[in-house]
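Enquirer: predicted model and sequence below, questions to follow.
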Amino acid sequence: GQGPMYTFRGNHELENLFASFYESGKPAAAVCHSTTLLLEAKLSTGELLVTGKQWTGFADAEEDFADQAAGTTIQPYRIESEAKKLENTTFKVADAFSAYAIADGNLITGQQQNSGAAAAKLVVEQLSG
């Protein structure tokens, strides 16, 4: 859903929980708008979790489509635009609304709702390996 755009960003408790899960070496996954928490989530060292990582999340083109369908701007900001402002990280997107997920180490991200199965497959592969 779109709620994470309002409830995840700036939620330091959630950011710390995700980062601690990641730092424990477990697969840490976020899909669609939930990837907004990666814009500010920091490791215990104070470094952004996504530093040196490739990741994905809801794309600007997908936000454009949603805004056009609704006839208004829905989100207060865009994940892709904000991610591209970060240094030393690579935010990647595939075609709008296509299934797309990335695993970079134990960080697993999916572009949007159609990417849930692809992200889940990456989680299962890491748990099986």
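Expert: Structure's in. What do you need?
Enquirer: pull out the buried residues from stretch 44-61.
Expert: For stretch 44-61, burial by neighbour count (16 or more other Cβ atoms under 10 Å) applies to 48, 49, 50, 53, 55, 56, 57, 58, 59. Where C-beta positions appear, they are placed from N, C-alpha and C, glycine not excepted.
Enquirer: just checking, the fourth one touches residue 92?
Expert: Going back to what we said before, that points to residue 53. No - using Cβ atoms under 8 Å, residue 53 makes no contact with residue 92, being 10.4 Å away.
Enquirer: center of this protein - which residue?
Expert: Centroid-nearest residue in the chain, with Cα atoms, centre = their mean: residue 35, separated by 2.3 Å.
Enquirer: quick check: closest non-adjacent residue to that residue.
Expert: The shortest distance from residue 35 to any non-neighbouring residue, by Cβ to Cβ, 6 or more residues apart in numbering, is to residue 57 (3.1 Å).
Enquirer: ok, the one you found to residue 24 distance?
Expert: Separation of residue 57 from residue 24 (Cβ to Cβ, to the nearest Å) stands at 22 Å.
Enquirer: so which residues of this protein form helices?
Expert: 4-7, 12-23, 60-70, 79-83, 116-128 (DSSP state H).
Enquirer: redo the ones you listed as JSON lines? Include mean pLDDT and distance to residue 109.
Expert: Shown next, in JSON lines, are those (pLDDT from 0 to 100; distance: least, Cβ to Cβ, whole Å):
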{"stretch": "helix 4-7", "mean pLDDT": "94", "distance to residue 109": "13"}
{"stretch": "helix 12-23", "mean pLDDT": "96", "distance to residue 109": "11"}
{"stretch": "helix 60-70", "mean pLDDT": "96", "distance to residue 109": "14"}
{"stretch": "helix 79-83", "mean pLDDT": "98", "distance to residue 109": "10"}
{"stretch": "helix 116-128", "mean pLDDT": "97", "distance to residue 109": "7"}
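Enquirer: understood, closing this out.
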